[in-house]
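Student: 3D, please:
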Amino acid sequence: MEAEAYRLMEELDNSHWWYRARREIICAAVARLVRPGAAILDYGCGTGSIGLLLQERGYRVVGAEVAPQALGVCRARGLTTHDLAREWPSTGAADCVLSCDVLEHVEDDVGLLARLRATIRPGGCFLGTVPAYECLWSGEDYVSGHVRRYTRSDFRQRLRQAGYRVSWCSYFLTLLFPLAAGVILGKRLFCPGAMRRSNLKQLPGWLNRVLSRVFALEGRLLRYWNFPFGLSIIAAARPVDHCSAAA
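Tutor: Below is the predicted model of the structure:
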């Protein structure tokens, strides 16, 4: 990721509706899947906002990052972290491995998923998010150093190839999809220079509050429905060898 992407993440992750909505949806999914007090590895933890919220809710969280800038922010905020440039998390270290908007940065995403599988304890799970649809490629993908975007079937297939059994997979950030897709496609046609700049910026307070409420509602609906499209995809899976042993 470019330094600009980390700067925006640190500046906006506690206020911007997108970060807040994404964080709450992910943490709600963890609460449904993982017992309180469990050990969580937040792989690619960024500036640590998801891990810190889970820590506040009683989980034992360790972050893992490679970027010195992000590691410094996490440690200043009180999140224990692995420096991935120096060490890899131990085998069987976690009841749940989070990988939130990480796989799209990696050429060999299946290889990374397979390697992360070894860090999950028997009975544990993987929970990950990725951005949806190549046609939505935008400046955010450029500054974040993305390699690809996914469809739901792509994500499920890669998890299966890496040795997981998928238990849940849905699009999310759905309610804003028509507007966001229209803005991105409009920029591509009429302002192509904007396709190399981040889409994220500070919004007027009233608009940020409205969007936050809209996606709080979506987070509640996601407990009961799998959305057929959206800006992102979320999936939960378990290592096949763990499933076989349990059977």
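
Student: and residue 128, bridged to which residues?
Tutor: According to DSSP bridges, residue 99, residue 235 are recorded as the beta-bridge partners of residue 128.

Student: That one reaches residue 96, doesn't it?
Tutor: No: under the criterion of Cβ atoms under 8 Å, residue 128 is not in contact with residue 96, lying 10.6 Å apart. C-beta here means a position set from N, CA and C on the backbone, and glycine is covered the same way.

Student: The two: which has the busier surroundings?
Tutor: Each of residue 128 and residue 96 has its neighbours counted (other Cβ atoms under 10 Å); residue 128 has more, 27 against 24.

Student: per-residue confidence at that one?
Tutor: The predicted local confidence for residue 128 comes out at a pLDDT of 98.

Student: What of residue 192?
Tutor: Residue 192 is assigned a pLDDT of 68 by the prediction.

Student: for the one 10 residues further on, same thing?
Tutor: The model reports residue 202 with a pLDDT of 71.

Student: what secondary structure does it sit in?
Tutor: Remark: residue 202 carries the secondary structure label coil [criterion: DSSP: H, G, I helix; E, B strand; the rest coil].

Student: quick one: it and residue 17, what's the gap?
Tutor: Residue 202 sits 11 Å away from residue 17 when distances are taken as Cβ to Cβ, to the nearest Å.

Student: quick one: which of these two has more around it?
Tutor: Set side by side, residue 202 and residue 17 show more neighbours around residue 17, with 20 against 11, by other Cβ under 10 Å.

Student: Quick check: closest non-adjacent residue to the more buried one.
Tutor: residue 211 (3.8 Å; Cβ to Cβ, 6 or more residues apart in numbering).

Student: For the closest residue to residue 111 other than its chain neighbours, grab the count of nearby residues.
Tutor: When the adjacent residues along the chain are set aside, residue 111 lies closest to residue 162, with 7.8 Å between them (Cβ to Cβ, 6+ apart). By the criterion of other Cβ under 10 Å, residue 162 has 20 neighbours.

Student: Can you check what pLDDT the model gives the residue nearest the centre of the chain?
Tutor: Relative to the mean C-alpha position of the chain, the nearest C-alpha, by Cα atoms, centre = their mean, is the one of residue 100, at 2.0 Å. Model confidence at residue 100, expressed as pLDDT, equals 96.
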